[in-house]
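Engineer: fold the following, please.
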Amino acid sequence: MTAGSGTKGRWGRIVRYAFGGSLGMLAGVNLLIGSPWYLCLGIAATALVIILGRRRIFRPAVNRTTNEIVCRYIPWFEGNAYVLNVLLPLLGVASIAAGSAPGNPGWLRITGIVLLAVTPLFTYSAVRMWWRCLLCITPSALAVRLAGPKDELTEIPRTRVDSIKPKMVPNAVSGAQSLQVEIAYLPAELSSETPRTVVVGLQLSVQPNNLLDALVAWKDAANDDSTKLLDRIERILRGREKAGM
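Structural biologist: Below is the predicted model:
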């Protein structure tokens, strides 16, 4: 990440927090002056959506044992899970109430019904990723399982890894480009030397930059002490160390 992009990102967060905080204050003012509850709820929920942003990971879902590191998707570590499964339904309730009130347009009620109707899909996706998705890192191999119905646990020996590189993928929810990590490897069961690929990132509660740096450091590591290697990978995943340092 360049200094310019880092500065731009900081200013973007400042503007987002300021705008979201202003909306939160507006919700409080409306509550004090006796505005309808659905207006206060809608403004407050919108403020929290803006403050949480596109994807915010409160803490990395990284579990370390003696011989391995396991990364998972934990919904309550992710801001997106709160936005999609808590705040959007609250906005739906507020919209239905607003649309049912005299003098307000009827499309508000339809909008609220749509928001409530899609919430079970988001909840199902979050629960499925929580139960299925994992990335297990040992000194000699990776084990990956994603959320797809046909995705089984795939073991990738380090000696079979062809490349690990960043990949920008459109986010299915926001449409914005999201950083993920593409792992190209040579399947052991095939005689062909054509690599297969697996993409990890959004289905793990780890900062994408840290995940990329950790996997690249794991791939490029010499035959170091396995405990020291896993210690370093864990520090990178948790954001306590930068790759190359």
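Engineer: which residues in this structure form strands?
Structural biologist: Here the chain has its strands, by DSSP state E, at 62-64, 69-72, 134-137, 141-145, 154-157, 161-170, 177-185, 196-200.
Engineer: buried residues in the shortest one?
Structural biologist: Spelled out, that is strand 62-64. Buried residues in strand 62-64, counted by 16 or more other C-beta atoms under 10 Å: residue 62. Backbone N, C-alpha and C define where each C-beta goes, glycine included.
Engineer: centre of the chain to it, how far?
Structural biologist: Distance, stretch centre to chain centre, for strand 62-64: 17 Å (C-alpha atoms, centre = their mean, to the nearest Å).
Engineer: what's the answer for the last one, then?
Structural biologist: The chain centroid and the centroid of strand 196-200 are separated by 17 Å, computed with C-alpha atoms, centre = their mean.
Engineer: deepest of the strands of the chain, which one?
Structural biologist: Ranked by mean neighbour count, the strands of the chain are led by strand 134-137 with a mean of 22 (mean count of other C-beta atoms under 10 Å).
Engineer: partner strands of that strand, with direction?
Structural biologist: Here strand 134-137 has these sheet partners by DSSP bridges: strand 69-72 (antiparallel), strand 141-145 (antiparallel).
Engineer: so can I have JSON lines of these showing mean pLDDT?
Structural biologist: Shown next, in JSON lines, are those (pLDDT from 0 to 100):
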{"stretch": "strand 69-72", "mean pLDDT": "97"}
{"stretch": "strand 141-145", "mean pLDDT": "95"}
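Engineer: now render the ones you listed as a markdown table, adding distance to residue 105.
Structural biologist: Listed next are these as a markdown table, based on distance: least, C-beta to C-beta, whole Å:
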| stretch | distance to residue 105 |
| --- | --- |
| strand 69-72 | 43 |
| strand 141-145 | 46 |
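Engineer: for residue 20, which of those strands is the nearest?
Structural biologist: Each of the strands paired with strand 134-137 has some distance to residue 20 by C-beta to C-beta; the shortest is strand 69-72, at 28.7 Å.
Engineer: could you dump that closest one to PDB, C-alpha only?
Structural biologist: Taking Å, rounded to 0.1, in the frame of the first residue of the first chain, the C-alpha atoms of strand 69-72 are listed here in PDB:
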ATOM      1  CA  ILE A  69      -2.800 -22.100  12.700                       C
ATOM      2  CA  VAL A  70      -6.500 -22.200  11.900                       C
ATOM      3  CA  CYS A  71      -8.300 -19.200  10.300                       C
ATOM      4  CA  ARG A  72     -12.100 -19.200  10.200                       C
END
